[in-house]
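K.L.:
Just the structure for this:
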Amino acid sequence: MMHVLRIVESLGLPDWCVCAGFVRSKVWDSLHGFKKTRLPDVDVVYFDPDYTDESIEKEYERILKELDASVPWSVKNQARMHIKSGQAPYTSTAEGLANFTEVCTAIGVYVDSNGDVTLVAPYGVDDLVNLIVRPTPFFTSEDKRTIYEQRIAAKNWKATWHRLSMVHS
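P.N.:
The predicted structure is shown next:
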């Protein structure tokens, strides 16, 4: 984990964290007694409202791949992610995380200026550590619930982490 965090830290991205499955899977693996499940990607998010072109994200991915090609990097600027969700512009990475699909996925970690690993968890960690999968508030509305349900079905997390409790609200 520290290897990935140090690599991302070296980019000097504003308001960054490594998030989602990178954190969630480590916690679930530990709670299930697993050594390590394979990650489809390592999500790196940051917030830079001055440079929102997607090509910049791709350049960061290229640099990260040069630094460690064994990691499946995915980089997204949260300053432009509101477009995908049809919301008002976000004001920070934490606000972007708060609009992820599941509460247990809306979590990230970064290395702060003192060298400490810091957690970003807009909804806390209760769902994550209690193995609960539920939608964030944005995905509980009638028109967004289907997106949550389809994602849960596609991810099929319960096949890997059998102790998960799925909330279909």
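K.L.:
CA atoms for contacts and neighbours, from now on please.
P.N.:
Fine.
K.L.:
what distance separates stretch 58-68 from the centre of its chain?
P.N.:
Computed by Cα atoms, centre = their mean, to the nearest Å, the chain-centroid distance of stretch 58-68 equals 18 Å.
K.L.:
what does it rub up against?
P.N.:
Contacts to stretch 58-68, defined as Cα atoms under 8 Å, 6 or more residues apart in numbering, come from residues 7-8, 71-75.
K.L.:
quick one: which of those residues is nearest to D50?
P.N.:
V75 (16.3 Å; Cα to Cα).
K.L.:
The closest one in helix, strand or coil?
P.N.:
Secondary structure assignment for V75 (DSSP: H, G, I helix; E, B strand; the rest coil): strand.
K.L.:
Need the nearest residue in space to it, chain neighbours excluded.
P.N.:
V44 (4.7 Å; Cα to Cα, 6 or more residues apart in numbering).
K.L.:
ok, now P49?
P.N.:
The nearest residue in space to P49 (Cα to Cα, 6+ apart) is A79, at 5.1 Å.
K.L.:
Show me the shaky parts of the protein.
P.N.:
For the chain, the stretches with pLDDT under 70 are 169.
K.L.:
how far away is the residue nearest to S74 when sequence neighbours are not counted from G33?
P.N.:
Excluding its sequence neighbours, the residue lying closest to S74 (Cα to Cα, 6+ apart) is D43, at 4.9 Å. Using Cα to Cα, to the nearest Å, one gets 23 Å for the distance from D43 to G33.
K.L.:
Looking only at neighbour counts, state which of these two leads.
P.N.:
Set D43 next to G33 and count neighbours by other Cα atoms under 10 Å: D43 wins out with 19 against 9.
K.L.:
residue contacts, that one?
P.N.:
18-22, 73-76.
K.L.:
Now render those residues as TSV, adding neighbour count and distance to D143.
P.N.:
Formatted as TSV, the contacts of D43 follow (neighbours: other Cα atoms under 10 Å; distance: Cα to Cα, whole Å):
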residue	neighbour count	distance to D143
V18	26	29
C19	22	26
A20	23	23
G21	20	25
F22	22	28
W73	20	31
S74	19	27
V75	21	27
K76	21	25
